[in-house]
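Asks: Here's my sequence, what's the structure:
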Amino acid sequence: MTDLNKLSDEELVKSFVSGDKKCFDVLLERHKQRIFSYIFMMVRKQELAEDIFQDAFLKVHYTLTKGRYSESGRFASWVMRIAHNLIIDHFRRQKHFQVVYNGDYPKDLFNNPRYSDLNIEETIVFEEKLRDVSALIELLPDNQREVVVMRHYLGLSFKEIAEETDVSINTALGRMRYALINLRRMMEERSVRVTAS
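Replies: This is a model prediction of the structure:
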């Protein structure tokens, strides 16, 4: 009997499409923490994050069942894009664009100890900064935005990003470099500050 946990994502997808329903459970278990953490980091509300997470995996299940999955070798990135799009859809419906990205800045916005125990005022200011940054990231060209998401949310190395996007490592690094240049330029133009005042 095959240990499903030892199969790659693509092997699990193929087996699921062929009728082994347990394979979907393995995929869900394998990626749920990373996907949910990403969603929660973006929306900052437990119940909303759970709803979007459920919608994302329902969409994944439906797409796989209908045989419409074509992202060979990129399952995790594909699921993340689905979740990302659902988050954007939610905020567009709410008329508040609050998608949050963690760009490559001197201080990591999400893992900085300074933000581990904020008071109400600091929390509001911090979230406003994250919204400002997220809005700017959405203005980046698709290939630059994709590298930022893969690097900072999927935790992929530049080698993995290159493989996932079918480009060389130098191209992946170049896209990140241009993303950062563009973000800094846009931040200066809009007087956006991400460091402490």
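Asks: where does this protein have low pLDDT?
Replies: Across the chain, residues meeting the criterion (pLDDT under 70) sit at 1, 94-120, 122-123, 125-127, 130, 152-155, 192-197.
Asks: per-domain residue ranges of it.
Replies: 9-99, 102-191 (automatic domain parsing).
Asks: Reformat those domains as a markdown table; add mean neighbour count and distance to residue 2.
Replies: Where you see a C-beta, it was placed from the backbone N, CA and C, and this is true even at glycine. What follows is these, written out as a markdown table (neighbours: other CB atoms under 10 Å; distance: least, CB to CB, whole Å):
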| stretch | mean neighbour count | distance to residue 2 |
| --- | --- | --- |
| domain 9-99 | 16 | 9 |
| domain 102-191 | 15 | 25 |
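Asks: Can you say which of those domains is nearest to residue 3?
Replies: domain 9-99 (9.8 Å; CB to CB).
Asks: Off-centre distance for stretch 36-49?
Replies: Stretch 36-49 sits 11 Å away from the centroid of its parent chain (CA atoms, centre = their mean, to the nearest Å).
Asks: How about the secondary structure of the nearest residue to residue 163 once chain neighbours are set aside?
Replies: Leaving aside its chain neighbours, residue 163 sits nearest to residue 73 (7.6 Å; criterion: CB to CB, 6 or more residues apart in numbering). Secondary structure, DSSP: H, G, I helix; E, B strand; the rest coil: residue 73 is coil.
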